[in-house]
Each structure stands twice: as structure tokens, then as C-alpha cells.
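> Next one to model:
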Amino acid sequence: MTEKAMSRRIVLGAGACALVAEAGGPQLARASAETERSKSQEAVRKYYGAWDAKDWHALDIMLKDDFTFSSPLDDQISKSAYKAKCWDTQIAYIDRFDLEQVIATHNQAFVLYVCHTTNGKTFRNVEYFTFREGKVKAVECYFGGKSSFPSAVSTEKG
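Down below sits the predicted model:
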């Protein structure tokens, strides 16, 4: 076994590098996670912005081709079924969405919102988003009330 001499300068330099890496590593990881979280939050805001603007094309390009939507009324319906069953039948009733909470990671988000209908009624729901490759892969809607979707709220008596 041969021994190799190291100068104090090399040892101190290596130690300093190790300290910088240790101190900066978690910060870099946190910064990366923050960036990913911000991208998810931005995607959620754009998603609801497309509904507010009544712009199917803007929404369509955000959704993966194999996008699915689930709710108490829908079980993993496809993007085309989502457009026909949700967008086409509900868009006329929606005035706007107010996002109360957006809690996101790099590939998921929970959103609590209030939807304002065109006739002045409101309802609250929670939706869970899954993202893949920068697009919305799936949305699961959890109704806040018995019939918490735009046309049901807009046409209910009382």
C-alpha cells in the first residue's frame, strides 16, 4: 500500500467544496421544487382562465391527448367526451371562477374554487389535477354540494 501526501490546501479546498455542496444542495433542490410548483400553479390558473374566457382551443392544447375527467357524474371520460359532456353543456352557465386555494407539487394540484354562474349563483368544488409532460393528464372533481355544477345550480329552484 502506498501513501500519497496531500497538501493542507487541497484538503481545505476539498472540505470547503463539500460544505458549499451540502449547504447549496438543499437550496437548489428547494428552488427546483418551487419552480415546478409554480409551473403547476400557473397551469391551473391558465386552465380556469380558459373557462373564464370561454376559449376551448386554449384549454384543449393544455390537455394531454389521453386526458381523463372524473366527477360524481363521470368516470374517467376522455377529452372528447369531456368537451361534449362538460364544456359544451356547461360553458354558457359560467361567468367566472375564483380560485380560493391552489396547492401544488410538480405533477399534482388541489384547487378549491368558487364558480360564479351567469345568473348570479355560486357553488364551491375541489378539483385534483395530475400533470404529465407539462400538460394536464387528469382532473377529478369533488362536488361541494348535491348538484354543484353550473347548469344544476343555475336551474335549481330557490
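
> ok, Ala50 - how many residues close by?
19 (other C-beta atoms under 10 Å). Yep, even glycine has a C-beta here, placed from its N, CA and C like the rest.

> and the helix or strand where it lies, average pLDDT?
When elements are assigned from DSSP states H and E, Ala50 belongs to helix 8-53. Average pLDDT, helix 8-53: 65.

> Stretch 132-146 too?
Throughout stretch 132-146, pLDDT has a mean value of 90.

> Tabulate the CA atom coordinates of that stretch in CSV.
The C-alpha trace of stretch 132-146 is given here as CSV (Å, rounded to 0.1, in the frame of the first residue of the first chain):
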residue,chain,number,x,y,z
ARG,A,132,-47.6,14.8,-17.1
GLU,A,133,-45.0,16.3,-19.5
GLY,A,134,-46.2,19.8,-18.8
LYS,A,135,-49.9,19.1,-19.6
VAL,A,136,-53.0,18.2,-17.7
LYS,A,137,-53.3,14.4,-17.6
ALA,A,138,-56.4,14.1,-15.4
VAL,A,139,-58.9,16.2,-13.4
GLU,A,140,-61.0,14.7,-10.6
CYS,A,141,-63.8,17.0,-9.5
TYR,A,142,-65.3,16.6,-6.0
PHE,A,143,-68.6,18.4,-5.8
GLY,A,144,-69.2,20.7,-2.8
GLY,A,145,-72.9,20.1,-2.8
LYS,A,146,-75.6,17.8,-4.1
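
> Mind listing what's buried along it?
136-141, 143 (16 or more other C-beta atoms under 10 Å).

> Give me the contacts around the helix or strand containing Ser80.
For Ser80, the host element (DSSP H and E) is helix 79-82. Helix 79-82 is contacted by residues 60, 63-69, 74 when judged by C-beta atoms under 8 Å, 6 or more residues apart in numbering.
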